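K.L.:
Turn this into a structure:
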Amino acid sequence: MPILTGASTASSSRARAYLWRVHRLVGLYCLCVIAFLLLMYWAERQGLSRHWIGPIFLFIPVMVYAAIGVWGRTSDADEYYVAGRRIPPMYNGMAAAADWMSAASFISLSGALYLQGFGGSSGQPGGLAYLLGWTGGFCLVAMLVAPHLRAMNLYTLPDFFQQRFGGHWPRIIAALASIVCSFTYVVAQIYGVGLIASRLTGVQFEIGIMLGLGGVLLCSFLGGMRAVTWTQVAQYVVILLAFLIPVSWLAYKQLGNPVAAVAYAGQLQKIAELEERLLVSPQERAVQQAYSERADLLEAKLQDVPLALERERLVLHERIRYLRSVNSDVGQIVATSREYANLPRNAQAAEQQWRQQLQEYRERAQPLSGLPRHSQPFGGNPDGTEQEKKQFNDERNNFLALMFCLMLGTAGLPHLLTRYYTVPSVSGARTSVAWTLFFIGVLYLSAPALAALIKLEVMNNLVGVRFDELPSWIAQWARVDASLLSVEDVNHDGILQFGELRLGADLIMLATPEIGGLPYVIAGLVAAGGLAAALSTADGLLLTISNALVRDLNFQKRSGRTSPEQRVILSKFVLMAVALLAAWVAGQRPSDILPMVAASFSLAASAFVPAMVLGIFWRGVTRCGAVCGMLAGLGITLYYMLSHAKLVQQWVPSMLLADDLWWGLQPISAGVFGVLLGVIVTVSVSMLTAHSYQRK
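P.N.:
Numbering: from 1, shown residues only. Down below sits the predicted model:
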């Protein structure tokens, strides 16, 4: 007994010494970050050019993360896959929060609240659905999943399915599902990396993707989970400062109180008053009428697309010839030539493009440019006409469905659950989830405040300004991507109206310092924070995909002939290949960040949660039940999503696709159908096959 006590005391002493060493290193890092910000602020005041500040905020943080990644390099399997299971719960919670604060949370969440308000519009769920779903999901992780997985001493999520149900098929299906949902998620992160890198350095979007991709690989390639964990801790510090400094600065500027989450409520009333003025403004109505006329013209073109396209070609060709014949201004000739070159190549492409424009023009022909009132719960009226009742029910149902998918998706995301394998004990896993929720809550409580403060800045300081007096950042962001920001003098009065300004969800957070008139150093900090959020999540996702391909698929039947070190080395090269593929897909700009991320949550919820939670709490789940449930849930979710994907609709006969929307639910909430079907199939098949397993 004394020997055991002595060994326990020595182990406890080593753990305390390790913890204090980590505290000192993280504290020193925080001081260095703050000192760097103060130095850059001083340099800007001394005249340092913005052309230098942007690249500095891109390269210095990435180099720091890369240095941490190199420091954490390892070939030991236990360190590479689960960081040696010795990460303190608080720091694991910080790393999980950084892993969680993806490009969607950091870049797009405030934008969703700005554009869709609290409740949503046009069947689209509002921003609060994301806040409630993502934070509520961690309660499910703490109560239902994380402690039980940690107690099994596993490496990956597919390990659970093999250990619980036996055989190779549960693990193979879980590995394939991990790859599908993680790849969808990582494409969104790399898209965000390209967006930020191109804005900070001025390079093309595709080159920005490759610059950011180098940072991702340096962080995760050498050290696996060990390097990724400490890189994510460093990234969370940058994310925290990048989110709280601008929102606190704006709150102090508008309200004299830097605690935005507490002080912003009064601004909602001011927004409501400004919205009322815009609804009756003659200038805004002129803008709406102009967009309505454009929509009518497009509808006429869509009656005979080939003829309309040929007519446009002839008109532009004649205009270019006329401008050249009268020696017109070179800029006008170039603009007309560019318009001619950008015409759709064929009738099919023209019809697709014009239908998208038609939808946009119809939306912008609505009051407030199609945006809902910021504080309304849902559109429509439960006591109004049939159409108003339907609108109210659709928006409410989509809000609840998305919140459901995000909560259960959180409980099933492979890259997130793997984080809780890295703590020393089961109790540490529970504590780690609590710390994760705290670190996320610090940021999420300020997101609605930021959306409200930015909308007030736009309404007060941009609307009503002459076009020739608009700030330079508007043209700079418009050059990065026209879908992020567009302005046009639609009613030809020379003054910007609310309906003439279009901001994308992915722009709001990144442009916050410039919209609020803050120093450019804060703009660089926000971009660095967005980059850290995207990199931290991309690191974990790429690690999950490479582990699924190498540990869970490739070596299922020949793991005995392959050493752990060989698997680690192969995992690194697979990680690089997956990263390059994700970068290529992101370069195609498939969608906005938030819809891609929400889709991955629906996939994770339907593929993993029914079989996993039932398998933890009900011994009656059989291998056949789990396999059938996972396939059914994932299959129906993918089917519903792909049925509404424009690319699939072009190549697959309509008779094979889902008819319209089921119960009015949007494709990003397809996990509702997947989870329900997964539970029914898992339970039913398990009950039908229970006797055969008992005989065995």
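
K.L.:
what's the neighbour count on residue 22?
P.N.:
By the criterion of other CB atoms under 10 Å, residue 22 has 16 neighbours. Where C-beta positions appear, they are placed from N, C-alpha and C, glycine not excepted.

K.L.:
In which helix or strand does it reside?
P.N.:
helix 2-45 (DSSP states H and E).

K.L.:
Counting by contacts, list what that helix packs against.
P.N.:
Judged by 3 or more CB pairs under 8 Å, 6 or more residues apart in numbering; DSSP states H and E, helix 2-45 is in contact with helix 50-71, helix 224-255, helix 520-547.

K.L.:
In this structure, which residue is most central in space?
P.N.:
residue 104 (2.3 Å; CA atoms, centre = their mean).

K.L.:
where do the helices sit along the stretch 151-300 of the chain?
P.N.:
157-165, 169-201, 205-220, 224-255, 260-263, 265-280, 282-303 (DSSP state H, counting those that start in this stretch).

K.L.:
and the gap between residue 608 and residue 670?
P.N.:
Counting by CB to CB, to the nearest Å, the separation of residue 608 from residue 670 is 15 Å.

K.L.:
Same check on residue 12?
P.N.:
Residue 12 sits 49 Å away from residue 670, going by CB to CB.

K.L.:
Looking at those two, which one has more neighbours?
P.N.:
Neighbour count, other CB under 10 Å: between residue 12 and residue 670, residue 670 has more, with 29 against 10.

K.L.:
Let's see the pLDDT reported for that one.
P.N.:
Per-residue pLDDT puts residue 670 at 88.

K.L.:
Tell me which residues touch it, please.
P.N.:
Applying CB atoms under 8 Å, 6 or more residues apart in numbering, we find residue 670 in contact with 405, 599, 602, 606, 636, 637, 638, 640, 641.

K.L.:
Pull the distance from the helix holding residue 22 to the chain's centre.
P.N.:
31 Å (CA atoms, centre = their mean, to the nearest Å).

K.L.:
again with stretch 305-316
P.N.:
From the chain centre to the centre of stretch 305-316 is a distance of 39 Å (CA atoms, centre = their mean).

K.L.:
hang on, the earlier thing: narrow the contacts of residue 670 to those in helices?
P.N.:
Counting by DSSP state H, the part of the contacts of residue 670 found in helices is 405, 599, 602, 606, 636, 637, 638, 640, 641.

K.L.:
thinking the fourth one is in contact with residue 679, fair?
P.N.:
Read it as residue 606. No. Contact criterion CB atoms under 8 Å: residue 606 and residue 679 do not qualify, at 10.0 Å.

K.L.:
Please say which of these two ends up with more neighbours.
P.N.:
Higher neighbour count among residue 606 and residue 679: residue 606, with 35 against 19, using other CB under 10 Å.

K.L.:
Report how many residues lie close to the residue nearest to that one when sequence neighbours are not counted.
P.N.:
Among residues not flanking residue 606 along the chain, residue 674 sits closest, at 2.4 Å (CB to CB, 6 or more residues apart in numbering). Other residues within reach of residue 674, judged by other CB under 10 Å, total 31.

K.L.:
just checking, residue 674 touches residue 637?
P.N.:
Yes. Here residue 674 reaches residue 637: they are 3.6 Å apart, a contact under CB under 8 Å.

K.L.:
joint contacts of those two?
P.N.:
602, 603, 606, 607.

K.L.:
Contact partners for the third one?
P.N.:
If you count contacts by CB under 8 Å, 6+ apart, residue 606 has them with 633, 634, 636, 637, 670, 671, 673, 674, 675, 677, 678.

K.L.:
Recalculate using a threshold of 7 Å.
P.N.:
Contact partners of residue 606, counting by CB atoms under 7 Å, 6 or more residues apart in numbering, are 633, 634, 637, 671, 674, 675, 678.

K.L.:
Just give the closest residue to residue 439, not the sequence neighbours.
P.N.:
Counting by CB to CB, 6+ apart, residue 439 lies nearest to residue 97, which is 3.6 Å off, once chain neighbours are set aside.

K.L.:
Which helix or strand contains the one you found?
P.N.:
Secondary structure (DSSP H and E) places residue 97 in helix 89-100.

K.L.:
what's the angle between that helix and helix 520-547?
P.N.:
Relative orientation of helix 89-100 and helix 520-547, computed by axes from the mean of the first three to the mean of the last three CA atoms, to 10 degrees: 100 degrees.

K.L.:
Give the rounded mean pLDDT of the helix or strand where residue 610 lies.
P.N.:
Take DSSP H and E as the rule and residue 610 turns out to sit in helix 593-617. Taken as a whole, helix 593-617 carries a mean pLDDT of 86.

K.L.:
can you check stretch 330-343 too?
P.N.:
Stretch 330-343 comes out at a mean pLDDT of 78.

K.L.:
Okay, buried residues for that stretch please.
P.N.:
Judged by neighbour count using 16 or more other CB atoms under 10 Å, the buried positions of stretch 330-343 are 336, 337.

K.L.:
tell me the secondary structure for residue 374?
P.N.:
coil (DSSP: H, G, I helix; E, B strand; the rest coil).
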